[in-house]
Each structure stands twice: as C-alpha cells, then as structure tokens.
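sequence first, predicted coordinates after that:
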Amino acid sequence: MLNRLRFRQLKDRSAGLAMAVVAGLAAALVMLIVVGLLTRSWPLLGSRPLGELLTSSRWSPQRGEFGFLPFILGTLWVTTLAMVLAVPPCLLSAIYLSEYAPRRLREAIKPLLDLLAGIPSVVYGLWGVLVCVPLIRNTIAPWASQRLSFIPMLAVDNPTGYSTLAGGIVLAVMVFPVIISVTQEVIRAVPDGLREASLALGATKFETTWRVVLPSLMPSILTGLILAMARAAGEVAPLMLTGVVKLAPSLPVDGTPPYLHLERKFMHLGFHIYDVGFQSPNVDAARPMVFATAFLLLALVVALNLTAIVLRRRLRRKYFSVTGL
Amino acid sequence: MFTAPKVAPFPRTSSSPGAPPADASGPMVEIERLWFSYGGKVALKDVSITFPRNRISALIGPSGCGKTTLLRCLNRMNDLIDGVSHEGTIRVAGLDIYDPSMDVTDLRKRVGMVFQKSNPFPKTIYENVAYGPRLQGVRSRRTLDEVVERSLKSAALWEEVKNRLHAPALSLSGGQQQRLCIARAIAVEPDVLLLDEPCSALDPVATAKIEELLVGLKQKYTIVIVTHNIQQAARISDQTAFMLLGELVEAGGTQQVFTTPRDPRTEAFISGRFG
C-alpha cells in the first residue's frame, strides 16, 4: 500500500519535472535564436549607429551603405495593409458563423476553414499572380483611378498590377482562416447565459452581439489577431510572386501625398534575407547582412506583438473578461 | 400566514376565445391548452393555467416536469432552441404572444426574466442595470441615474452598492449578483417577472433576502417563480401549481395545495415521498 502511494507520488513529481524541462527548453530556444542572431550580425549592427541603420534608405554594400528603412517600411506597410483588409470581413464572418448560422452550416464550413489554413503559402502566392495581379491591373486600378480619383490613395494606375496592394490582399486571404477560426472559438466560449440575459431584456440578436458578446471578448480576439499578424509579417513566399522587389525605386510609405502608396512595389525584410543570402556574389561576406536582416525581422515581429499585448492589457482593464481566454 | 387568493380561481375553468385585452382586474397571464415539444419530444401536455396580477405564483415539480419550459414559453425564450413547436395560446395582458404581429423584443420587455445561474454582464454594476433602459433608447444621464437607483433600491441592493456603482458586477457575491439580475430585470418596468429557480445556488441568508424582496415586489409585478424548494413555494407564493411529466396536475391557492391537495400525486410530492 505504502509502496503504491510512493510510486504514484514519484510519477506525479517526475511528470511535472519532465513537462517543466520541455517548457524550459522552448523558452531557451527563443533566447538561443535571439542571441545567435545578434552575435552573428554584430559585425554589421555594431559597426554603425543603430539610428543610421534604421533610418537610412540607401542599401549599397559595396559602398558600405546599409540602410534598412525601405525593408522595414515595406514589411510594416504590407503587413498592416493585410490586417486592415482581413480584419473586418473576418470578424463579420466569425460573428455570423458563431451567432447567426445554423449549426449544420457552421459544421460544414469548419473543415473548409481548416483546409484553407493548411494551404501552403506559396500556393497563395501563385493565386495572387494568377488572380490578384491581373485583377488589379485590368479592373481595380483603372476603375479606381477613373471613378475614385477623389480619394488620393486610389488616384493612380499601376501598369503591371504587381504592388503592395496585391501582396496585402494575398497575405490577407492567407490569414483569413486563422482569424476566423480563433475569433469564432472565442465567441462560442461566451456562456449562453449572457446572451439569454440580454435577449430576455428585449435586446435583438445584433444588440446582444454588439453590446454584450463582443465587448468582453475584445482582448481575446486581439490575441487571435496577434497570431495572424505575426504569421503575415513573416511570410515571404506569397509576396515574392506579387510585388516584392530587390530594390524599389521609391518607398511605399513616404512624404509625398497620399503618403501610403498602394500601387508601388516594395522591399521586404524576409525577401531581403533570401536575396542577400543566396543571390549575392560573395556569400561569406554577406553573412552578417543576412543575420542582421533576420534579427530586424524578428525584432519587428516582436515589436508588433508587444504593441498588441499592451493594447490587449488596456482593453482587459476596460472590459472585464469573462472567459479568461 | 398565507394570503388567500383574492383573484379569479385558477386553473381557468372557462375559456373565452378571442377575448378582448384584459382589463386591469383580469389575470395577467392566461395559458390555454398549451402543448410544447422539443423536436418531437413532448414537454408540455395540454397545460391551461392563469397567473393573476400582483401575486406570486410558484411552479413546483420534480426535475424534467416541464416547469422551466412553461416559464420560458412566457417570454418566448424557447424560440432560441432549434426544432421546437407549440400549440395553444398564451396571452400576456390580453395579447396573444404567439401572434405574428407580436414583436418578441417587445414581449421580453414586458416579461422580464431572472435565471437560475446569476448572469450579470461583464460590465459595471451601473451598466448592468442601465442596459435595458439604454436598449429602449434612454440616453439622458439623469434619467438613467434615477432608473438605476430606483431599480437597485427595489432589489434591496442599493445600500450595499451605492458607493461602488462603477465597480465590476462580477465582483459582487453570488446573492448580490442575483439581486443585481433582479434589479436589471425590473429596470425596464416589465409587467411580469419570471424567476427560474433564482435561489438554487444561494446560501440560506441570501435566499431569505431574495424571498423577502419578492414578497415586496408583488405590489408592482406579477411574479411567476419556478422552484425546487417546496418550502420556498409555501413561504412566499400565493398560488402554487404542481407539474409532473409535462402535465399540470394541480393548481390553486398555496394554502389549499399544501394543506388539502386534491390529487394524491401532489400530496406525495409535497410530503417528500418522491421528487
């Protein structure tokens, strides 16, 4: 009897220990990656003031100019654009699926969403080339510049269609399933008692969703958006096919109105890794550049996450989360 | 000890099809030959009963007897479930609630509900009570302040929360949360207040507070309460209806039902022999 109890306690302790070790390994791995990237890129990052690296827009390794601004701006802009395009339709469809759609429809759509999430990103890129780019070139750009020219951002035409817009659309479509699934799960987790309480007070379904279900969920929904944004910021394959270039003649975000340019091609940290790492004549000399770029990309994703986490904290304080998700 | 019913006897003995809107002295809720089923499973069988104004009517019976279903028919909360169907009529203040012209949000404004599990919104105490009036389009801060104060006072919660109206409702104790739900329900000034086992999760002290509160509230509202607690029905209700397997076995003045039940099954239940 005593032996059996000892054995069970031992099992309990060793299981806890094993899990702690594995969890610790994951944390250590993150640190290792950060430290590794930083030391490998130090020859470049340490040789120049950080301000210059981040704010100069000249990239010319032969002349010793390493301005990362175009890459950072391009990455930020295309990621933001993707999120702006993705979030409203995703939230609406998640709300529809969880609050309005009959159970059968919801169950039929779920596997399709999972499938959509599993499509390799390069396939999305291909879809971008085959559908998005021609659509922008032949339809959206001409129509927008004709009819919507009063909106400065749309008053330009792009002869090729390869653009930030095309990249943003592809990234947006790519994160659709992630955002929809997470949001829908979060909404389903709201206790039905809250919905009933609101409906019993004479609220319509829309009022119930808008005033009771969603406000308490904002922090959790934001968590889903963080995941989606991190994924979008790190993707290169779909962008390579739809608008990323090695060296763009102008920045996608600059001082000339309308400041944010949808039609321009852009540079991207992720693509830059591939470009300097594997396309330059002297691969060894390019190493610090590759690691520096990778480090910046990581830092950017971390910065985006931190922003979202701070925002989530604020929202949590504002609303009192029910689900604790 | 018990208040004898002063209003028309119930269950109804005569039916009056197409009756005009009831005058102030008629029963608030009239249910006639109500059948109700969940996707083929019959939950209510031919139930006819009336609930008089300014009285507390208690629905008692073992689990699964249909008392909650009956309660949730009165504000059409059952509409939310797929595959339900009903036959028969329910009139609230003389209006047929299943009439196609009946706006269900309007019905629910007139027929408030308090649930078994207290379910305050994850908002402040103030915002919980102001929720209903805001839905009705009340914007004025002063009006809302008044409604919140009046409702919390009616729900005997004002003294406990008046200095922290903007604290989260979820920071209240279980009994306080349930009284907050009552305050929230009466803030829209319903005609009828439905309570679905409101004290089942509460300790005796909190239960006593709610019972006392309900007895006071019947001055203004018609109250229908589902309870598992037979003593509770005996303590606070004017009318008691006993249900079993979807049927209304017996209904009448509480004193009569508890002292001289007409049906042997009622007697067996209230004396604790089953259920």
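Structure's in. What do you need? Since we're looking at a predicted model, the values are computed, not measured.

now do the same contact list for residue 242.
With no chain named, the answer covers chain A. Contacts for A:Thr242 were tallied using Cβ atoms under 8 Å, 6 or more residues apart in numbering or on different chains; they are A:Gly125, A:Gly128, A:Val129, A:Cys132, A:Val133, A:Tyr162, A:Ser163, A:Ala166, A:Gly167, A:Val170. (Glycine included, C-beta is placed from N, CA and C.)

you answered for a different chain; I wanted chain B.
Going by Cβ under 8 Å, 6+ apart, B:Phe242 touches B:60-61, B:248-251, B:257, B:261, B:263, B:265-266, B:269-270.

report the two of those residues separated the most.
B:Leu248 and B:Ile270 (15.2 Å; Cβ to Cβ).

so for those two, which residue has more residues nearby?
Each of B:Leu248 and B:Ile270 has its neighbours counted (other Cβ atoms under 10 Å in any protein chain shown); B:Leu248 has more, 24 against 20.

ok, that one - contacts?
With contacts defined as Cβ under 8 Å, 6+ apart, B:Leu248 is in contact with B:Pro11, B:Val47, B:Ser48, B:Ile49, B:Ala241, B:Phe242.

can you pick out the most distant pair from those residues?
Greatest spatial distance in the contacts of B:Leu248: B:Ser48 and B:Phe242, 14.3 Å, computed using Cβ to Cβ.

mind listing what's buried along the one helix or strand A:Gly270 maps to?
Secondary-structure element containing A:Gly270, defined by DSSP states H and E: helix A:269-278. For helix A:269-278, burial by neighbour count (16 or more other Cβ atoms under 10 Å in any protein chain shown) applies to A:Leu269, A:Gly270, A:Phe271, A:His272, A:Ile273, A:Tyr274, A:Asp275, A:Val276, A:Gly277.

now do the fourth one against A:Cys90, distance only.
A:His272 sits at a distance of 29 Å from A:Cys90 (criterion: Cβ to Cβ, to the nearest Å).

how about the residues of chain A by chain B?
Contact residues (Cβ under 8 Å from any Cβ of the partner chain) of chain A with chain B: A:102-103, A:191, A:193-194, A:196-204, A:207, A:211-212, A:215-216, A:319-322.

again, 6 Å this time
In this structure, chain A approaches chain B at residues A:Gly193, A:Leu194, A:Ala197, A:Ala200, A:Leu201, A:Gly202, A:Ala203, A:Thr204, A:Val212, A:Ser216, A:Phe320, A:Val322, judged by Cβ under 6 Å from any Cβ of the partner chain.

pretty sure the fifth one sits against B:Gly132.
I take that to be A:Leu201. Yes. Between A:Leu201 and B:Gly132 there is a contact under Cβ atoms under 6 Å: 4.3 Å.

need the residues that contact stretch A:259-272.
Around stretch A:259-272, the neighbours that count as contacts under Cβ atoms under 6 Å, 6 or more residues apart in numbering or on different chains are A:70-71, A:74-75, A:153, A:156, A:158, A:162-165, A:236, A:239-240, A:243-245, A:248, A:252-253, A:293, A:296-297.

pLDDT (mean, whole number) over it?
This predicted structure assigns stretch A:259-272 an average pLDDT of 86.

ditto for stretch A:196-212
The predicted model gives stretch A:196-212 an average pLDDT of 94.

next one: that stretch to chain centre, how far?
Offset of stretch A:196-212 from its chain centre (Cα atoms, centre = their mean, to the nearest Å): 32 Å.

that one: end-to-end distance?
11 Å (Cα to Cα, to the nearest Å).

confidence score at the closest residue to chain A within the stretch 151-275 of chain B?
In the stretch 151-275 of chain B, the residue that lies nearest chain A is B:Pro168 (4.6 Å; Cβ to the nearest Cβ). The per-residue pLDDT reported for B:Pro168 equals 90.

which parts of the stretch 51-200 of chain A are strands?
Counting by DSSP state E, counting those that start in this stretch, the stretch 51-200 of chain A forms strands over residues A:59-60, A:65-66, given from the N-terminal end onward.

can you list the strands that the first one pairs with?
Looking back up the chat, that one is strand A:59-60. In its sheet, strand A:59-60 lies beside strand A:65-66 (antiparallel), with partners assigned from DSSP bridges.

same question for the strand it pairs with, mean pLDDT?
This predicted structure assigns strand A:65-66 an average pLDDT of 86.

so which bits of stretch B:33-40 are buried?
When neighbours are counted by 16+ other Cβ under 10 Å, the buried residues of stretch B:33-40 are found to be B:Leu34, B:Phe36, B:Ser37.

same check on stretch B:128-147?
B:Asn128, B:Val129, B:Ala130, B:Tyr131, B:Gly132, B:Pro133, B:Arg134, B:Leu135, B:Val138, B:Leu144, B:Val147.

and for stretch B:228-238?
Going by 16+ other Cβ under 10 Å, stretch B:228-238 has these buried residues: B:His228, B:Asn229, B:Ile230, B:Gln232, B:Ala233, B:Ala234, B:Arg235, B:Ile236, B:Ser237, B:Asp238.
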